[in-house]
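Undergrad: dropping a prediction and its sequence here:
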Amino acid sequence: MNSSSVSRRVFVVGSAGMLATGLMGLHGCGGSGAATDESDAESGSGATETESSAEPLLDESYMILEERDDGSRVMNDTLGPIEVPEESFRIACTAPAHTSALLLLGAVDKIVAIDQTFANGGWILSKYPQLADVPVVFANNETNMEELLNQSPDLVTYASRYGDETLQQLQDLGIVCTGGMLQEDGDDVDFINRVRDNAAYYGLVVGGDQAQAAKNYRTEFTAIREEIQSRTADIAEADRPTVCEISSAGQQLQVNNGTAIGQMLIDLAGGVNVAKDAAGESAGPSGQTIIEPETLLGYNPDILIIDNQGFCDELKKDPVLSQLDAIVNGRVYIAPTGAMSWPYNGPEEYLNMYFFAKCIQPELFADIDMEAEAKAFYEKYFGFDLDDEDIKSIFALEDGQTVADIFNK
């Protein structure tokens, strides 16, 4: 990690009081608890070193509704208020995003059941050989309840697609379930902070070392965002390059419009989302919207950020689309993929903020060593070192290419 990385990560936003105790009518999984909704308001102020064990874990009172003397907590969950013990030790995960969040927080040895999609492999699975012995309990939106109970979970991270009947069955068995942090919808949702807080939330639900990791992650994530914002805030609109973030859906061309996290990332990094007003079929959680090739030609962005190499190659081979300014000028970037694709609401958004900044304003962020940042992040949070092959895989490098070469356009 470079020296600037160290210096910007030594503070933590201060404390906030918990909501009043005496909550009534708690419901859901696990004895006396279940879940609710979260507001996006922040409270508290002050700075203190991350090493201080006396300070509160987070400054967001909307995550923890109540803290009790025995260490248990009432969490503001999508399932309703849930009561969790001081620490959970045996966790079943119904979705890859949940598993990735737990891996981020150093909880691999607490995972006792996973879903089929995660078990199917991918780069991140290769880094945790111990998961090969963890049973696959969740598949095709169905639960192998007998095998799940054999694992004696004390916490289930629950995806709604598995249905209310399964959820009720787990609740009746007294197993604590979490659906994730209750989200506040509306036109002013901060999608970047939502990713940050979701990861932090799981740490607070699990407790133990994961609670401290959640605090560190949230603090450093916030510092990175504020650093980027401080550099790009005063860039005039006329000096901001136009950017189009492309997601492929088979052979269909999708752009990320102005309704989700891609818009905020491009703004933060000092660009203009040329597809901000795209509307139509297949708007996904990151604003993915199917467009015609002619529409992309009309956008003619300065920069393309594409989520996979194969689709990028197809664009470059197309006799018409290959004439886009971004392609002609070599301003085409492949979004990295680690545990998840970095730009899509996963824990590696921590790194993706820097990646977008370096793609969109490379001179302004020339001091950020993307490879060093990635190595420090995965070692600190996921607990393993990246070798040369890992770097090549994550950044989709060609033979002989370095991470620094990506940004030297």
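TA: Perfect, thanks for sending it.

Undergrad: and the contacts of stretch 220-237?
TA: 8-9, 11, 13, 192-193, 196, 199, 268-270, 272, 349-350, 353-354, 357, 361, 364-365 (C-beta atoms under 8 Å, 6 or more residues apart in numbering). C-beta here means a position set from N, CA and C on the backbone, and glycine is covered the same way.

Undergrad: which of those count as buried?
TA: By neighbour count, with 16 or more other C-beta atoms under 10 Å, those hold 9, 13, 192-193, 196, 199, 268-270, 272, 349-350, 353-354, 357, 361, 364-365 as buried.

Undergrad: what's the closest non-adjacent residue to residue 102?
TA: For residue 102, ignoring the flanking residues on the chain, the nearest one in space by C-beta to C-beta, 6 or more residues apart in numbering is residue 111 at 6.0 Å.

Undergrad: oops, could you answer that again for residue 340 instead?
TA: Closest to residue 340 by C-beta to C-beta, 6+ apart is residue 346, at 3.5 Å.

Undergrad: SS state for that neighbour?
TA: Secondary structure, DSSP: H, G, I helix; E, B strand; the rest coil: residue 346 is coil.

Undergrad: on that earlier part again, just the buried ones among the contacts of stretch 220-237: which are in helices?
TA: In this view, those that belong to helices under DSSP state H are 192, 193, 196, 199, 268, 349, 350, 353, 354, 357.

Undergrad: biggest separation within those residues, which pair?
TA: For those, with distances taken as C-beta to C-beta, the pair at the greatest spread is 199 and 357 (20.0 Å).

Undergrad: phi and psi next, for the residue nearest to residue 340.
TA: The phi/psi pair for residue 346 (degrees, to the nearest 10) reads phi -110, psi 180.

Undergrad: that one: what's it in contact with?
TA: Taking C-beta under 8 Å, 6+ apart, we find residue 346 in contact with 97, 100, 195, 339, 340.

Undergrad: what number of residues lie near residue 102?
TA: 23 (other C-beta atoms under 10 Å).

Undergrad: show me what contacts it?
TA: Counting by C-beta under 8 Å, 6+ apart, the residues that residue 102 touches are 91, 93, 108, 110, 111, 157, 202, 206, 210.

Undergrad: return the subset of those lying in helices.
TA: Using DSSP H, the contacts of residue 102 in helices are 202, 206, 210.

Undergrad: and the pLDDT for the closest residue to the second one other than its chain neighbours?
TA: If I follow you right, that is residue 206. Excluding the flanking residues, the one nearest residue 206 by C-beta to C-beta, 6+ apart is residue 88, at 5.0 Å. Looking at residue 88, its pLDDT reads 97.

Undergrad: residues contacting residue 88?
TA: Going by C-beta under 8 Å, 6+ apart, residue 88 touches 110, 154, 155, 176, 205, 206, 207, 208.

Undergrad: at which residues are the helices of the stretch 101-250 of the chain located?
TA: 116-119, 123-126, 145-150, 163-172, 191-206, 209-232 (DSSP state H, counting those that start in this stretch).

Undergrad: out of those, flag the one nearest residue 288.
TA: Closest among the helices of the stretch 101-250 of the chain, using C-beta to C-beta: helix 191-206, at 13.6 Å.

Undergrad: what's the angle from the closest one to helix 209-232?
TA: 170 degrees (axes from the mean of the first three to the mean of the last three C-alpha atoms, to 10 degrees).

Undergrad: out of the contacts of residue 102, the closest to residue 379 would be?
TA: residue 108 (14.2 Å).

Undergrad: next, count neighbours for the closest one.
TA: Counted with other C-beta under 10 Å, residues neighbouring residue 108 total 17.
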